[in-house]
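# Here is a sequence with its predicted model. Questions after.
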Amino acid sequence: MIRVQQNDFNVADEYEKLANDNQDGAVVTFVGKVRDFNEGLGVQGLSLEHYPGMTESVLNDIEKQAREHWPLNHVTIIHRVGDLTLGEQIVFIGVTSPHRKAAFAACEFLIDFLKTKAPFWKQELTTEGSKWLNAKACDDQTSQQWSNKLNIKN
Amino acid sequence: MIRVQQNDFNVADEYEKLANDNQDGAVVTFVGKVRDFNEGLGVQGLSLEHYPGMTESVLNDIEKQAREHWPLNHVTIIHRVGDLTLGEQIVFIGVTSPHRKAAFAACEFLIDFLKTKAPFWKQELTTEGSKWLNAKACDDQTSQQWSNKLNIKN
Amino acid sequence: MIKVLFFARLREQLSTDSLQLTATENMTTAIILQQLAKTDDLWAKVLSADNLLVAVNQEITDWDHIVKTGDEVAFFPPVTGG
Amino acid sequence: MIKVLFFARLREQLSTDSLQLTATENMTTAIILQQLAKTDDLWAKVLSADNLLVAVNQEITDWDHIVKTGDEVAFFPPVTGG
């Protein structure tokens, strides 16, 4: 299940939906939040822009790739757009699998690929004004490492 | 926070307690559940025994090791004992960190080490009677791989 | 016609979120970029950023991708979501 | 005295969860195991399982660990939690 939305999500509700299956021994979730530091400036919030249509199609593709590599049952990807304040939730990734290693690997793969492939852009609202964030080289490297390991063509 | 208990835990409550800190950009949780297959027999439930006192001390030690290797903020480990039926939750591991990679690595480390170091024993209640589970060699290997990688003495 | 979209920093710097272009034969994504860069000094500067990405019909692609009429072409900086 | 505990399959097979032993000089965990194995054929068989683990004072240890009076020694099969 893939959703791109302005509204906040509720982790408890998403967990309930993911975890109702008795075939799954493992449920792994990741939540990314707006934290109060980045490159040394006091962050007061974020504004998130995306490319409607392409975002959903990239997220679907990433999910498909994960399912090709690991035995997954339920997959949930939720990403928020619009203005977010300090401490707010940005992204939820949840996966279930009969096997714990698969669940961990797929969850981390999904967020790593989302960060380098999905068309979202963050603008930081700091005490010194707003500014677009630069992509992190380390995120690119991480995604490249997965690609090499799983033999995925970028 | 470490707890060994007969009662079920509520993931929503545990998530709330973990995720209330604005310094943390990442929250990773793992839930292990009783699943309906293992070695080919119809599993109806599990009975979990432990070594009171030693269990808590091992879990504290594992948490301490994780904190030495990754910048973690909140850590929650909950493991249930006693009788559990199909689909019930067995174990909860939750970690928060400023960094997502640290949160993922620490969460997986904690469950991998719990599985090979903490004195819990599972008895499967199947349609053909109850039987003690055997330890999996792959769990031992996983924990050995962490030890080599992080230079931990077993 | 080809629909061209700009996102994030690019959209802000150009004060433009979309425009239309007429397709010509063998028009690659690189040719579109060069053509747009001729608009004025600002566009030339903004569109010369060396880490620009391009998508055709909502899929990331290369600079030698040939664009046809009806296609949607988007230019944007590296993504920073999650 | 030394307190000896058994867990899981071991506890069931021996029908015993704990017992007391008198400490002797240079008594290692291996010596305790050998001494317990002399109880009868059942104990000899159960305690000869090659994957037994031993903990002294709630910490996993080796078979040459010297045990003193007041110590708590536990024998159990490989753990299977989580």
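Here it is on my side, so go on.
# make it CA atoms for all contacts and neighbour counts henceforth
Noted.
# what about the closest residue to chain D within chain C, which SS state?
Relative to chain D, the nearest point of chain C is C:Gly82 (29.9 Å; C-alpha to the nearest C-alpha). Counting by DSSP: H, G, I helix; E, B strand; the rest coil, the backbone at C:Gly82 sits in coil.
# my guess is it meets A:Val31, correct?
No: in this structure, C:Gly82 is not within contact of A:Val31 by C-alpha atoms under 8 Å, at 9.3 Å.
# what do the two both touch?
Shared contacts of C:Gly82 and A:Val31 (C-alpha atoms under 8 Å, 6 or more residues apart in numbering or on different chains): A:Ile90, A:Val91.
# Chain A versus the residue of chain C found nearest chain B, what's the distance?
For chain C and chain B, the shortest gap (C-alpha to the nearest C-alpha) falls at C:Gly82, measuring 10.2 Å. As judged by C-alpha to the nearest C-alpha, to the nearest Å, C:Gly82 and chain A stand 5 Å apart.
# give the contact list for the closest residue to that residue other than its chain neighbours.
Excluding the flanking residues, the one nearest C:Gly82 by C-alpha to C-alpha, 6 or more residues apart in numbering or on different chains is A:Lys115, at 5.3 Å. Neighbour list for A:Lys115: A:Asp139, C:Val79, C:Thr80, C:Gly81, C:Gly82 [criterion: C-alpha under 8 Å, 6+ apart].
# Okay, and A:Lys115 sits in which element?
helix A:100-117 (DSSP states H and E).
# Can you dump the C-alpha atoms of the next helix or strand after that helix in CSV for me?
Where DSSP H and E defines the elements, the next helix or strand beyond helix A:100-117 is strand A:120-126. Provided in CSV are the C-alpha atoms of strand A:120-126 (Å, rounded to 0.1, in the frame of the first residue of the first chain):
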residue,chain,number,x,y,z
PHE,A,120,10.6,14.4,-3.2
TRP,A,121,12.4,17.6,-2.3
LYS,A,122,12.9,19.1,1.1
GLN,A,123,13.1,22.7,1.9
GLU,A,124,14.3,23.5,5.4
LEU,A,125,12.7,26.3,7.3
THR,A,126,15.4,27.6,9.7
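# Sheet partners, orientation included, of strand A:120-126?
Sheet pairing of strand A:120-126 (DSSP bridges) gives strand A:43-50 (antiparallel), strand A:129-132 (antiparallel).
# Adding mean neighbour count, write those strands out as a markdown table.
Compiled in a markdown table, the strands paired with strand A:120-126 are given as follows (neighbours: other C-alpha atoms under 10 Å in any protein chain shown):
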| stretch | mean neighbour count |
| --- | --- |
| strand A:43-50 | 21 |
| strand A:129-132 | 14 |
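# Turn those strands into TSV, including distance to B:Glu88.
Output for the strands paired with strand A:120-126, formatted as TSV (distance: least, C-alpha to C-alpha, whole Å):
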stretch	distance to B:Glu88
strand A:43-50	38
strand A:129-132	45
